[in-house]
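K.L.:
Just a sequence and a predicted model for now, questions to come.
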Amino acid sequence: MSEPILESTGHLLIDDFIDHEECRTLLGQIRDYRTHSDLLEINRPMKGRSLRYSVIDGEEIRANLPSIWELYRGAAKDLVNELTGLSLEPLLNIRAGVNVNVMPPGRSEYRWHYDRTAITAILYLNQVEGGETELYPNYRILLKGNQQHSRLQLTLDGVLRLAVVRRLFGKRKVVEPRPGRLVVMRANRCWHSVREVQGSEDRINVILAYDAPGARFEVEDDLDSYLYTQETPKSKDPNYAP
């Protein structure tokens with residue numbers, strides 16, 4: 001059996017995963033949701049690139065945006081399993097499993113990070129100026145066993161984050177937002193970020209996360225608080241920072 005494509009490449013870009021008409025339909029549903037619900041705005045200043053965005057979390061999506069919920073549990077999941085050769089599932093943590101990220105121009109960006117999950121897919125719904133996703137696929141030296149948040153793992157992550165190390169060993173990819181475009185990545189091994197959104201339109205995309213059935217994550221509570229509330233975080237970034 002040949003090696004699953006994501007194992008070797010770390011990411012895959014698929015244009016027209018959904019067509020432009022379906023993008024317009026989803027954008028209309030999100031627009032309707034926003035007319036009666038205030039979006040949660042997150043602002044976590046950081047050195048370099050900060051975390052500034054608005055989010056509709058998975059609980060809200062399940063209750064109010066059924067088309068996105070069905071896409072998450074259906075066609076997107078099937079594609080992810082085809083690409084990985086695994087039997088991954090939507091997260092038990094519904095809040096984090098599927099999100100809509102809304103990034104207004106002039107003040108929105110998303111800090112450099114690894115995800116908690118094995119696979120993340122980003123579905124872009126519109127084209128904007130700026131707001132490109134930058135990523136370094138298969139870049140992380142991920143320790144085996146339950147060590148993703150160990151001191152040694154954090155030390156290795158810190159070395160790889162150094163600009164000189166990235167220039168020597170990393171292979172940077174840049175993905176521009178396009179309607180219907182999907183990028184699938186081995187997210188807990190892919191160092192990635194979103195450049196500042198420019199122009200005049202909000203950048204709107206759907207985040208779809210998958211992992212092994214029943215997967216739990218050591219940093220779950222702190223990370224959810226960091227990403228989905230305006231509470232003061234216990235650490236700079238619970239996902240990988242000490």
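P.N.:
All right, it came through fine.
K.L.:
for the spatially most central residue of the chain, helix, strand, or coil?
P.N.:
Centrality entry for the chain: nearest residue to the mean C-alpha point is I207, 5.2 Å, by Cα atoms, centre = their mean. Of the three states, I207 takes strand under DSSP: H, G, I helix; E, B strand; the rest coil.
K.L.:
which residues touch it?
P.N.:
98-101, 120-123 (Cβ atoms under 8 Å, 6 or more residues apart in numbering). Heads up, the C-betas are built off the backbone N, CA and C, glycines and all.
K.L.:
what does G58 give?
P.N.:
91, 93-99.
K.L.:
distance of it from D211?
P.N.:
Counting by Cβ to Cβ, to the nearest Å, the separation of G58 from D211 is 14 Å.
K.L.:
Report how many residues lie close to G214.
P.N.:
G214 sits with 8 neighbouring residues when counted by other Cβ atoms under 10 Å.
K.L.:
Then T84?
P.N.:
The tally of other residues near T84 (other Cβ under 10 Å) stands at 18.
K.L.:
surely it meets E7?
P.N.:
Yes: counting by Cβ atoms under 8 Å, T84 touches E7, with 7.5 Å between them.
K.L.:
per-residue confidence at R140?
P.N.:
We have a pLDDT of 89 for R140.
K.L.:
Could you do the one 5 residues further on as well?
P.N.:
Among the per-residue scores, G145 holds a pLDDT of 70.
K.L.:
try E3
P.N.:
pLDDT for E3: 60.
K.L.:
ok, what's across the strand from the residue nearest to the centre of the chain?
P.N.:
For I207, the beta-bridge partners under DSSP bridges are N99, I122.
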